[in-house]
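Peer 1: could you look at this predicted model? Sequence included:
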Amino acid sequence: MILLTSLTPGGDMPRVQFSDKFAHAFVYFVLTILLARAWLKQDHKVVWRNRAFLLAFIVSMVFGIMLELFQHYFIEGRKGEVLDVVANMAGSLFAFPMHRLLKGGSFT
């Protein structure tokens, strides 16, 4: 979903102003939670479990930055935006305390 919407040419996308930053934050929040949960479920990779949220955050950020750069340089009618990366980061960072709160202080 992230890849598809990020690589859609600009003329095909609806025009929205500030609300797209909330969409960025929400999507990267979900991505980070899903990646972290996947690493937490890995029984044979203790190192991955111990650093699940750090790994999920790093992967989410690298993915988001790469998509913004790709949009800027290769997708007609689109431009990469620093504020999109900031919104992605905010969503990813929010995943950490929210997951902990919902799991009652536990990460498993």
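Peer 2: On my side now, so go ahead.
Peer 1: pLDDT weak spots in the chain?
Peer 2: Applying pLDDT under 70 to the chain picks out residues 1, 3-8, 10-18, 43-45, 47-48, 104-108.
Peer 1: hey, where'd the helices end up in it?
Peer 2: Taking DSSP state H, the helices of the chain run over residues 2-6, 19-40, 46-50, 52-74, 82-102.
Peer 1: can I get those in CSV including mean neighbour count?
Peer 2: Heads up, the C-betas are built off the backbone N, CA and C, glycines and all. Below are those laid out as CSV (neighbours: other Cβ atoms under 10 Å):
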stretch, mean neighbour count
helix 2-6, 13
helix 19-40, 19
helix 46-50, 13
helix 52-74, 17
helix 82-102, 17
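Peer 1: for the nearest residue to residue 59 once chain neighbours are set aside, give its distance to residue 78.
Peer 2: With sequence-adjacent residues excluded and distances taken as Cβ to Cβ, 6 or more residues apart in numbering, residue 59 is closest to residue 35, at 5.8 Å. According to Cβ to Cβ, to the nearest Å, residue 35 and residue 78 sit 25 Å apart.
Peer 1: my read is that residue 88 contacts residue 25, right?
Peer 2: Yes. Using Cβ atoms under 8 Å, residue 88 makes contact with residue 25 at a distance of 7.1 Å.
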